[in-house]
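# Pasting the sequence and the predicted model now:
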Amino acid sequence: MLINSIALNDFRNHKDLSLRFPTGVSAIIGRNGRGKTNIVEAVNYCAILSSHRSAQDAPLIRRECEEAAITAQVQKHDRTATMSVTIKSVGAKKVSLNGSTLTRPRDILGLVQTVIFSPEDLDLVKGDPSARRKYLDEFSTLLTPRFAGIRLEYDRALKQRNSLLKSCGRRELSPSARETLLAWDEQLIKHGSELVAQRLGSLKELEDHISEHGQTISGDTEPLSATYHSTWLKPDSKSIEAVAFDLREQLAARQMQELDRGLTLVGPHRDDLELNLSGISAKSYASHGQCWSIALALRLATFSVLRAHDDDPILILDDVFAELDQRRRVRLQEAIFDVEQTLITAAVKEDLPDSLEFQEILLDDGDLDA
C-alpha cells in the first residue's frame, strides 16, 4: 500500500499544497505551525474518512472557506487509483474514485489503509474508555470495512432508544411506548451483538502482537496485555448469538433503572479495552515513558495484523521521536526498518535518529497561505 501523491485545497492551514511521496521513509520537517501534522492527518483521513484529532469535520476547513478538498493517488496490489474527498462546512462530505462520485462515501473504506501514531495516542492509556473503544473500532473497520455500517446502525439505535427513555421519564410506560422500546431493544441487540463480536475477534488478532511490541519498544520485563472489559457480557460469550443473549438479558434486568436515568446503561458503548502491565492497570500505574511504549505497541500491533492480511499499510509517525528517549528511539527504528512506506513528522532533523535513512520534505513559510 502506497500513497504516491496528495493535494490539499483549503485543508486546515494549507490553501494549495501538492506533495509526492517515495517508497521507504519520508520525513516531513518544519517548525511548529507549518502544517506537518495537517498533512499526515489528511493522509489518514483518506483511510478512515474522519480526523484522528477532531470529532467534527468543520475544523478541517481553512478559515473563511466553505469546503476543503483532499486528492490522493494511491497504489495497491500494483494498481493505481485516485480518490478525492470534499469536506463541506454544511452538508455531507463527497467522495469520488477515479472521477466517479460514490453514492455512499463509506464504500471507499478499505482502499487506503494507514496506521497512525500521534501524541493524542497517550489518551489510549490515560484517557477515557471512549479513546480505547475508538482504537478498537477503527482497527475493526480497517480489517473489515463493513464494520463501519454496523457501528453507524448501532449508534442510530442507541440515539433513538435514549431519546425514548428520556421522553418516558419515570412514569409507567404506555402500551405504544413499550412496543416502541421493545422495537429499539431489538435493533440495539442486533447491531450491538455484531459490533461486540467483531471487537472480540479483532482483539483476538491483536493481543499477541500487543504483548510482543510492548516488550520490543519498552524492553521492560513487565508484560503488556489487553483484555475486553464489559459489565454486562459473560466472560465466555464470544459468538453473536451469545452476545445477543447477554445483552437482551441485561436490558430486561435494568429497564427500570434506565427509565429512571433516561439513558441506556448497558451495551458496547460503555465497554472498555483494559491495558495491564504485569496484571496491574496501566492507566493508574504506568509511567510517562511506559505510556508512550504502550501506545506505540497498540499501533504497531495494528500494523502487524494488517500486514499479515494484506499489503503493508502506510505507517505514520507524527512527532514521535522527539518524545522518546534514546533507547526507545532505537527500538522503534528497528521495529519499522522494513515497512514499505513510512511518513514521519519532525520539527528539526535532529529529532530523528542519526542512522535513520529518509527522504526529506521540507516545509517553509512559502507552503502556507499568508
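The structure has been received and is ready for your questions. Residues are numbered from 1 along each chain as shown.
# Only the buried residues of stretch 117-132, if you could.
Residues of stretch 117-132 classed as buried by neighbour count (16 or more other Cβ atoms under 10 Å): 117, 118, 121, 122, 123, 124, 125, 131, 132. (Each C-beta comes from the backbone N, C-alpha and C, glycine too.)
# just checking, which of those residues belong to helices?
If you go by DSSP state H, those have 123, 124, 125, 131, 132 in helices.
# who touches the residue lying closest to the second one once chain neighbours are set aside in this structure?
Spelled out, it's residue 124. Among residues not flanking residue 124 along the chain, residue 295 sits closest, at 5.0 Å (Cβ to Cβ, 6 or more residues apart in numbering). Contact analysis of residue 295 by Cβ atoms under 8 Å, 6 or more residues apart in numbering lists 117, 121, 122, 124, 125.
# Please apply the same query to residue 23.
Neighbouring residues of residue 23 by Cβ under 8 Å, 6+ apart: 2, 340, 341.
# how about the residue nearest to residue 124, secondary structure?
Secondary structure for residue 295, judged by DSSP: H, G, I helix; E, B strand; the rest coil, is helix.
# From residue 337, how far out is it?
Using Cβ to Cβ, to the nearest Å, residue 295 is found at 20 Å from residue 337.
# ok, now residue 279?
Here the criterion is Cβ to Cβ. By it, residue 279 lies 32 Å from residue 337.
# Please identify which of those two sits among more neighbours.
A direct count of neighbours by other Cβ atoms under 10 Å for residue 279 and residue 337 places residue 337 higher, at 11 against 8.
# thinking residue 39 is in contact with residue 8, fair?
Yes: under the criterion of Cβ atoms under 8 Å, residue 39 makes contact with residue 8 at 7.2 Å.
# Find residues that contact each of these two.
14, 17.
# Where do the strands of the protein begin and end?
Secondary structure of the chain (DSSP state E): strands at 2-11, 14-20, 24-29, 67-76, 79-88, 94-97, 100-101, 114-117, 224-229, 272-277, 280-281, 314-318, 341-346, 359-362.
# Distance to residue 150 added to those strands, as a markdown table?
Formatted as a markdown table, the strands of the chain follow (distance: least, Cβ to Cβ, whole Å):
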| stretch | distance to residue 150 |
| --- | --- |
| strand 2-11 | 27 |
| strand 14-20 | 34 |
| strand 24-29 | 35 |
| strand 67-76 | 24 |
| strand 79-88 | 22 |
| strand 94-97 | 20 |
| strand 100-101 | 24 |
| strand 114-117 | 21 |
| strand 224-229 | 17 |
| strand 272-277 | 18 |
| strand 280-281 | 29 |
| strand 314-318 | 25 |
| strand 341-346 | 30 |
| strand 359-362 | 38 |
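# In a markdown table, list the ones you listed along with distance to residue 253 and mean pLDDT.
Formatted as a markdown table, those follow (distance: least, Cβ to Cβ, whole Å; pLDDT from 0 to 100):
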| stretch | distance to residue 253 | mean pLDDT |
| --- | --- | --- |
| strand 2-11 | 48 | 98 |
| strand 14-20 | 53 | 97 |
| strand 24-29 | 53 | 96 |
| strand 67-76 | 47 | 97 |
| strand 79-88 | 43 | 97 |
| strand 94-97 | 42 | 97 |
| strand 100-101 | 47 | 96 |
| strand 114-117 | 40 | 96 |
| strand 224-229 | 19 | 96 |
| strand 272-277 | 21 | 96 |
| strand 280-281 | 27 | 94 |
| strand 314-318 | 44 | 97 |
| strand 341-346 | 49 | 96 |
| strand 359-362 | 57 | 95 |
